[in-house]
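1. Predicted model follows, preceded by the sequence.
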Amino acid sequence: MKQRMKIKEGLSYKVVVRDRYGKVLKRIAAPSQSYTRAWNQCLYVLNRHSSFTIIDTGGAGRSISYSSSVLRANAGAGEIGYGIRVGKGMMPVTINDYALENPCGEGTGVDQFLHQATSASSPAVVGSECSFWVRRVMVNNSGSTISGIREIGCYVMMKYSPAYYGLGYRDVLPAEVSVPDGGSITVTYTLKVTI
Amino acid sequence: MRRELWYRAIVRDRNGKVLSCENRRSRSVLGNWYRILYAHMASTSTSLVHTSGNSWGVINFGDNWKFVAAANEDYIGIVIGTGIAAVTINDYKLESQIMQGTSSGQMRHLASTPGWPSVAGSSCDFLTSRTFLNNSGGSITVRESGIYCRVKGPTYYGYACIVRDVLATPQDVPDGGSITIDYTLRITV
């Protein structure tokens, strides 16, 4: 039996690149390509109140149990184990992705960003819609332009100690993005349901 | 990319014969789902109305989102009811829940346990199923279903309604018969 659809669950992203003075150089906004399997597996762990082996961002299977740490994305400044990340990979997203293909590191070296804290808005209900966003600013103090940014995503915590992280969602941008020295890239993911 | 929730309602008579089956995409994950998700992702607290009607909120906590339910537990897991009110984003309970028991208008709630997540092709999904037995002595018409999960607010534990659907076709469950509700949470790349 077919249903006329009303519910709409959405994950979308917005990427904004600025120069050192805050001038916007580029904006990209699009629906997200995907949650990945670790996301559903984390939900399963919480729903089932159980343990499950989930592949972490290092490619190793980890036994994850329900806890308050599961799905955390509020990484602090400089923390790149979880929170929003950017990278240079361009492989299409698959359900089995467990990390960004080629993530940019933390620091001021070549192709490194200074990762600011990942923040989130409170859930807001407007009409028949409930949504919140997760955002991170990454600053380029490497001394030169970082070009070839093609992928973004969000790593989530799965276990606090020892710390294990999983890939919640990943997207490949439609075109590569360059961030000038002194500039920044801001990635905002919006999670939304509409009835 | 698609993230979908599907449900299936199967009604059987006392001999196990299938009388009807409705298989549809879920009408709705509710706002509460996203409030709990926010509490976890941001590792903080936010407002949320519990199924009790109290605005006890939710904090990030390991028990949140638990909806595995034991037999006879009608306050957690998949639940059913007779309500027909349209789903709204702020629904916090079923409109008219069918409670555990064998009295008139009641059904026996069996245990509800999510199956393991499986990956097939470009999808990853897991299924939760619950069967309700009608030993009330009369027919009962089921018109709505949903999922209640455990949540913890800053002070109080409670339960939150995170999914609610009004069935497209009311399902008449005869005395001695049963209704099984399956929910499948699926991600497809």
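-> Good, I have the coordinates.
2. For the rest of this, base every contact and every neighbour count on C-alpha atoms.
-> Fine.
3. Which secondary structure state is assigned to residue B:155?
-> State at residue B:155, reduced to three classes by DSSP: H, G, I helix; E, B strand; the rest coil: coil.
4. just the strands in the chain please.
-> This is for chain A. Assigned by DSSP state E, chain A shows strands spanning A:8-18, A:24-31, A:51-55, A:61-65, A:83-87, A:105-106, A:112-115, A:119-120, A:124-126, A:129-139, A:146-159, A:164-179, A:184-194.
5. Can you look at chain B instead?
-> Using DSSP E, strands in chain B cover B:2-12, B:18-25, B:45-46, B:58-59, B:77-81, B:108-109, B:113-114, B:118-120, B:123-133, B:140-152, B:157-173, B:178-188.
6. Return the angle between stretch directions for the first one and strand B:178-188.
-> Strand B:2-12 runs at 170 degrees relative to strand B:178-188, counting by axes from the mean of the first three to the mean of the last three CA atoms, to 10 degrees.
7. tilt between strand B:2-12 and strand B:157-173?
-> Strand B:2-12 and strand B:157-173 meet at an angle of 50 degrees, taking the same axes, to 10 degrees as the criterion.
8. close to chain A, is strand B:2-12?
-> Yes. Applying CA under 8 Å from any CA of the partner chain, one finds strand B:2-12 touching chain A at B:2, B:3, B:4.
9. Now that strand: average pLDDT?
-> For strand B:2-12, mean pLDDT rounds to 91.
10. Can you tell me the centre-most residue of chain B?
-> Residue closest to the mean C-alpha point of chain B, counted by CA atoms, centre = their mean, is residue B:147 at 2.1 Å.
11. Give the full set of residues in contact with whichever residue of chain A sits closest to chain B.
-> Here the residue of chain A nearest chain B is residue A:67; by CA to the nearest CA that distance is 3.5 Å. By CA atoms under 8 Å, 6 or more residues apart in numbering or on different chains, the contact list for residue A:67 reads A:46, A:159, B:61, B:62, B:63.
12. Next, give me the two most distant ones among those.
-> Within the contacts of residue A:67, A:159 and B:63 form the most distant pair, 14.4 Å apart (CA to CA).
13. wait, residue B:3 sits on residue A:33?
-> No. Between residue B:3 and residue A:33 there is no contact under CA atoms under 8 Å: 10.5 Å.
14. Provide the partner residues of residue 133 in its beta bridges.
-> Reading this off chain A. On DSSP bridges, the residues paired with residue A:133 through beta bridges are residue A:190.
15. oops, chain B please
-> With DSSP bridges as the rule, residue B:133 is bridged to residue B:108, residue B:178.
16. Give me the neighbour count for the closest residue to chain A within chain B.
-> Relative to chain A, the nearest point of chain B is residue B:62 (3.5 Å; CA to the nearest CA). The number of residues packed around residue B:62, counting by other CA atoms under 10 Å in any protein chain shown, is 20.
17. For burial, what's the neighbour tally of residue A:79?
-> Neighbour count for residue A:79, taken as other CA under 10 Å: 16.
18. which ones are touching residue B:147?
-> Going by CA under 8 Å, 6+ apart, residue B:147 touches B:67, B:76, B:77, B:78, B:79, B:161, B:162, B:163, B:164.
19. okay, those in a markdown table with neighbour count, pLDDT and distance to chain A next?
-> Listed next are the contacts of residue B:147 as a markdown table, based on neighbours: other CA atoms under 10 Å in any protein chain shown; pLDDT from 0 to 100; distance: CA to the nearest CA, whole Å:
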| residue | neighbour count | pLDDT | distance to chain A |
| --- | --- | --- | --- |
| B:67 | 27 | 93 | 5 |
| B:76 | 23 | 97 | 11 |
| B:77 | 29 | 97 | 9 |
| B:78 | 32 | 97 | 12 |
| B:79 | 28 | 98 | 15 |
| B:161 | 31 | 98 | 13 |
| B:162 | 25 | 97 | 11 |
| B:163 | 28 | 96 | 11 |
| B:164 | 28 | 96 | 11 |
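20. confidence score at the most centrally placed residue in chain A?
-> In chain A, the residue lying closest to the centroid (CA atoms, centre = their mean) is residue A:154, at 1.9 Å. pLDDT recorded at residue A:154 is 98.
21. count of neighbours near the closest residue to it other than its chain neighbours?
-> Nearest non-adjacent residue to residue A:154, counting by CA to CA, 6 or more residues apart in numbering or on different chains: residue A:84, 4.2 Å away. Residues near residue A:84, counting by other CA under 10 Å, number 33.
22. Could you double-check that residue A:84 sits in contact with residue A:157?
-> No. Between residue A:84 and residue A:157 there is no contact under CA under 8 Å: 11.5 Å.
23. shared neighbours, those two?
-> residue A:73.
24. which outside residues touch the helix or strand of chain B with the lowest mean pLDDT?
-> Least confident helix or strand, chain B: strand B:113-114 with a mean of 84, by mean pLDDT, DSSP states H and E. Residues outside strand B:113-114 that contact it (CA under 8 Å, 6+ apart): A:44, A:47, A:48, B:67, B:68, B:69, B:126, B:127, B:128, B:129, B:130.
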